[in-house]
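In: How does the following fold in three dimensions:
(2 chains)
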Amino acid sequence: MGEATAEPFETEPSAEVPEVELYHATSWWTKYVFSQDAKIIAIQYSVTALAAGFVALVLSWLMRLQLGFPDSLSIIDPPQYYQYITMHGMIMVVYLLTALLLGGFGNYLIPLMVGARDMVFPYLNMLSYWTYLLAVLVLLASFFVPGGPTGAGWTLYPPQAILAGTPGQEAGIILMLVSLMIFIIGFTMGGLNYVVTVLQGRARGMTMMRLPLTVWGIFTASVMALLAFPALFVGAVMLLLDRLLGTSFFMPAIVVMGQHQNYSGGSPILFQHMFWFFGHPEVYIVALPAFGIVSDLISTHARRNIFGYRMMVWAIVIIGFLSFVVWAHHMYVSGMHPYFGFFFATTTLIIAVPTALKVYNWVLTLWRGDIHLTVPMLFALGFIVTFVNGGLTGLFLGNAVVDVPLSDTMFVVAHFHMVMGVAPVLVIYGAIYHWYPKVTGRMPNEMLGKFHFWVTFIGSYLVFFPLHYLGLMGVPRRYYTIGDMDAIPLSTGMLNELVSIAAFVVGFAQLVFVFNMIWSMRNGTPAGGNPWRATTLEWQTPETPPGHGNWGKDLPVVYRWAYDYSVPGAEQDFLPQNQPPVRQGTRSTEP
Amino acid sequence: MEQTAVKEHGQAQPRYGGWRGFIADWSSDQRSFKNVSWGKAMMWIFLLSDTFVFSCFLISYMTVRMSTEVPWPNPSEVFALTIGGTSVPLILIAIMTFVLISSSGTMAMAVNFAYRRDRKRSGRLMLATAALGAAFVGMQAFEWTKLIHEGVRPWENPWGAPQFGSTFFMITGFHGTHVTFGVIFLLIVARKVLRGDYDHGARGYFTSRRGQYEAVEIMGLYWHFVDLVWVFIFAFFYLW
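Out: Below you'll find the model as predicted:
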């Protein structure tokens, strides 16, 4: 990708569209609460998502209490255990990861990185956040309704999701489905903004192939979300009708406790198809922004241009496309035709190609780089290791034949927590430490950050690595307690205790992160505009934190790609994207 | 070779055609869809997303219809009206379809007049479009009432598979909601056109952005989409 640096525009390209006037806040309320500024909306999204994530973290503690020390606690009964499982899964996947990566990072980084003043439709953007908040509140409200939240498992499979006997069947499942629908409506408003801003709102000189990979990841994920969420939306509508009106979309004729239910002729498998047509792209909706962000972290902190930029972009796009044709690999044991299994196993394994390509390129970027082991870099390196680990177990589960004995065991839990739990969360932390100086103007405390990293990284391996082994021993997932099962050796109990203790330690370590974020806001060392000496546009803003409209009077002009690090002969070892090429010596090269 | 020289504000650039043009546009800066405004791009992408919603609905409908073991009610008989003693199959749906497709015609004309800055004609044609849309929803309400009187419920009906009623109410209801929202927004845009908001760039109440006549065209995109979706619902639900 040397051409981008070698071939700058002959002259400054002129603007194709006149600037659109921004909405100017007139009061404290419109500036900080009902704000139309993408940066404020991003912080609102992030804080809300992290708060929801902490609820889910506490739920995971409660589950680990039960699994590690069964029968020693009377406060958790089986229905509650299922409610914790369900809410933990759904909150983490949708309300934390999706909202934080797209709503949080997307809102903050897209306008700044493409050189725009704001999202294209700020008002819609604001509505997106408030709709999301409503969805979170509706979901959390289900803790306080009779019967509690739904305990159907995060996949919400009918028929059990809406039948008597499943916890939360009274009201919890209704609130869950309604909350998901509200979330999707809210996300659609935001997602349209992210996509159109990247496509139509870029700065002069900013071509698609000069976008930082962070933007590519978030952009592709947003497109995917706009196409995948409709399936969940429709599934939720139909399941809600089955529950409320007694329709039989997903409900076959069924006998519960000797009683014929008023359902007949529906297809539970149909729901699984709709759920996973959303659910599998969802994995990559979470993973692709993480891929993008980690590429930028590695490149910046290893002072090395990203290896194979074009390849990285196309890998993102190809993964995005392929993820729409693999969904039924979640359904190998649901009774599909075996030929379907063959097809979906093939497509699933093909995804390993672009994914492995990305991992190689990250490693090759590090190769002979000037690696600075800063906190963001540690998290980025942790991500690569964790993601490879989770990806390799994916090869086991992606093969229909190998999957059958492993499905519904702790092996699956270990796999998806590694690949889309721990890995994206590590990137999120890395990204927060990386962009915190831009958001607040102060550096986060490095000591606390490193402590946070090591405890989180080692701790989450102590949590999830043994689960692989437990799964191979046959410990099933979603069981309240295993009891006396001859097939499962007693020693698994001790391993479960270890996992639980590690989970508590990791959970508490997150308080260090929270403390660091709050404490550093006032007491961190002032960061200056570009503490990491990064090339991308968000570090080149005239003010830090960026002011309203991001760029002061003049919009930036982009002359080069995002990865000009360790440039021979450059004054600093990097060239910001908006630094004009040194030509006839007419232009100043002052940064 | 042509130079893609950049011109001043609002002027079209020299364009390549075909694949070369496509590649040139996507490898350029600022905008990937040249000469497409933010609003129009957003509406197109939203419609793509909405296409997936309706596709999911229709595919689910086809799946349950094929997998149910109870016979499916015959749409020609169910949706027949008795007029003057004879039963005419699908007559109401035929009229509804005619009305909705006509409304696309008036909408297209409204867009045309909007770009000619002919406020009155454009606004009136939009009002006509809204009236036709409202008539469509009204006839749909009549159809629902008739079926409910005949005993069709989301969970059962007198003629066969219960999924008939479920999918009918769900899909036509969802489409009817789209039409209703369309009518509301048509009325809002028509009012702005008639008041001349787009001539003197009045600011939006919520967004404080200055409106443009392009809003009529964007509104039209949505309306034509809703119309097109109806054609599919008509074909798959009433004619199958």
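In: only C-alpha atoms for contact and neighbour calcs from this point on.
Out: Will do.
In: What ranges does the stretch 451-591 of chain A have for its strands?
Out: Counting by DSSP state E, counting those that start in this stretch, the stretch 451-591 of chain A forms no strands at all.
In: actually chain A, sorry about that
Out: Applying DSSP state E to chain A gives strands spanning A:255-256, A:259-260.
In: I'd like the ones you listed as a markdown table, with mean pLDDT and distance to A:Gly471 appended.
Out: Converted to a markdown table, the strands of chain A look like this (pLDDT from 0 to 100; distance: least, C-alpha to C-alpha, whole Å):
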| stretch | mean pLDDT | distance to A:Gly471 |
| --- | --- | --- |
| strand A:255-256 | 88 | 31 |
| strand A:259-260 | 88 | 36 |
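In: Which one of the ones you listed lies nearest to A:Glu282?
Out: strand A:255-256 (33.3 Å; C-alpha to C-alpha).
In: Direction included, what does that closest one pair against?
Out: strand A:259-260 (antiparallel) (DSSP bridges).
In: and the strands of chain A as JSON lines, adding mean neighbour count?
Out: Below are the strands of chain A laid out as JSON lines (neighbours: other C-alpha atoms under 10 Å in any protein chain shown):
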{"stretch": "strand A:255-256", "mean neighbour count": "10"}
{"stretch": "strand A:259-260", "mean neighbour count": "10"}
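In: mind checking pLDDT for A:Arg583?
Out: In this prediction, A:Arg583 carries a pLDDT score of 60.
In: so how far is stretch A:421-431 from its chain's centroid?
Out: Computed by C-alpha atoms, centre = their mean, to the nearest Å, the chain-centroid distance of stretch A:421-431 equals 8 Å.
In: got the buried residues for it?
Out: Neighbour counts over stretch A:421-431 (16 or more other C-alpha atoms under 10 Å in any protein chain shown) mark A:421-431 as buried.
In: mean confidence score for stretch A:453-461?
Out: Averaging pLDDT along stretch A:453-461 gives 97.
In: CA atoms of it as CSV?
Out: Output in CSV follows, covering the C-alpha atoms of stretch A:453-461 (Å, rounded to 0.1, in the frame of the first residue of the first chain):
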residue,chain,number,x,y,z
PHE,A,453,-4.7,-5.9,32.3
TRP,A,454,-2.7,-8.7,34.0
VAL,A,455,-5.4,-9.6,36.4
THR,A,456,-8.0,-9.6,33.7
PHE,A,457,-5.9,-11.5,31.2
ILE,A,458,-4.5,-14.2,33.4
GLY,A,459,-7.8,-14.4,35.3
SER,A,460,-10.0,-14.9,32.4
TYR,A,461,-7.7,-17.7,31.2
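In: mind listing what's buried in it?
Out: Those would be A:453-457, A:459-461, for stretch A:453-461 by 16+ other C-alpha under 10 Å.
In: and if you look at stretch B:61-77?
Out: By 16+ other C-alpha under 10 Å, the buried positions in stretch B:61-77 come out as B:61, B:64-65, B:68, B:73.
In: re the thing from before, looking at the buried residues of stretch A:453-461, spot the one nearest chain B.
Out: Taking C-alpha to the nearest C-alpha as the measure, chain B sits nearest to A:Ser460 out of the buried residues of stretch A:453-461, at 37.0 Å.
In: which residues touch that closest one?
Out: A:422, A:502-503, A:506 (C-alpha atoms under 8 Å, 6 or more residues apart in numbering or on different chains).
In: Model confidence for the residue nearest to A:Met176 when sequence neighbours are not counted, exactly?
Out: Counting by C-alpha to C-alpha, 6 or more residues apart in numbering or on different chains, the nearest residue to A:Met176 once its immediate chain neighbours are dropped is A:Leu139, at 5.7 Å. If you check A:Leu139, the pLDDT there is 97.
In: can you count the residues close to A:Leu139?
Out: Counted with other C-alpha atoms under 10 Å in any protein chain shown, the neighbours of A:Leu139 add up to 27.
In: just A:Leu245 next, same as before
Out: 14.
In: again with the one 4 residues further on
Out: By the criterion of other C-alpha under 10 Å, A:Phe249 has 31 neighbours.
In: for A:Leu97, same thing?
Out: For A:Leu97, the count of nearby residues is 28 (other C-alpha under 10 Å).
In: Check whether it really touches A:Tyr284, as I assumed.
Out: No. Between A:Leu97 and A:Tyr284 there is no contact under C-alpha atoms under 8 Å: 11.1 Å.
In: buried residues in the top helix by length along chain B?
Out: When chain B is parsed with DSSP state H, its longest helix is helix B:163-195. By neighbour count with 16+ other C-alpha under 10 Å, helix B:163-195 contains the buried residues B:163-173, B:175-176, B:178-180, B:182-183, B:186-187, B:189-194.
In: downstream neighbour of that helix in the secondary structure list?
Out: Counting by DSSP states H and E, the next helix or strand C-terminal to helix B:163-195 is helix B:214-233.
In: From start to finish, how long is stretch A:85-105 in a straight line?
Out: One end of stretch A:85-105 sits 27 Å from the other (C-alpha to C-alpha, to the nearest Å).
In: From the chain's centroid, how far away is that stretch?
Out: Distance, stretch centre to chain centre, for stretch A:85-105: 7 Å (C-alpha atoms, centre = their mean).
In: residues making contact with that stretch?
Out: Defining contact as C-alpha under 8 Å, 6+ apart, one finds that stretch A:85-105 is touched by A:41-46, A:49-50, A:52-53, A:55-57, A:59-60, A:63, A:129, A:136, A:149-154, A:187, A:190-191, A:218, A:221-222, A:285-286, A:289-290, A:424-425, A:428, A:478.
In: any idea how far A:Ser60 is from A:Phe69?
Out: Distance, A:Phe69 to A:Ser60, by C-alpha to C-alpha: 14 Å.
In: neighbour count winner among those two?
Out: Neighbours per residue (other C-alpha under 10 Å) separate A:Phe69 from A:Ser60, with A:Ser60 holding more: 22 against 16.
In: List the contacts of that one.
Out: Residues in contact with A:Ser60, defined by C-alpha under 8 Å, 6+ apart, are A:84-85, A:88.
In: Pick out whichever of those sits closest to chain B.
Out: Distances from chain B to these, taken by C-alpha to the nearest C-alpha, are shortest for A:His88, at 27.1 Å.
In: Local confidence estimate at that closest one?
Out: 96.
In: sorry, back to before: in a markdown table, list the contacts of A:Ser60 along with neighbour count and distance to A:Met447.
Out: Converted to a markdown table, the contacts of A:Ser60 look like this (neighbours: other C-alpha atoms under 10 Å in any protein chain shown; distance: C-alpha to C-alpha, whole Å):
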| residue | neighbour count | distance to A:Met447 |
| --- | --- | --- |
| A:Tyr84 | 25 | 34 |
| A:Ile85 | 21 | 34 |
| A:His88 | 24 | 30 |
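In: Any chance of TSV for these, columns distance to A:Glu571?
Out: Formatted as TSV, the contacts of A:Ser60 follow (distance: C-alpha to C-alpha, whole Å):
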residue	distance to A:Glu571
A:Tyr84	56
A:Ile85	55
A:His88	50
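In: Okay then, goodbye and thanks.
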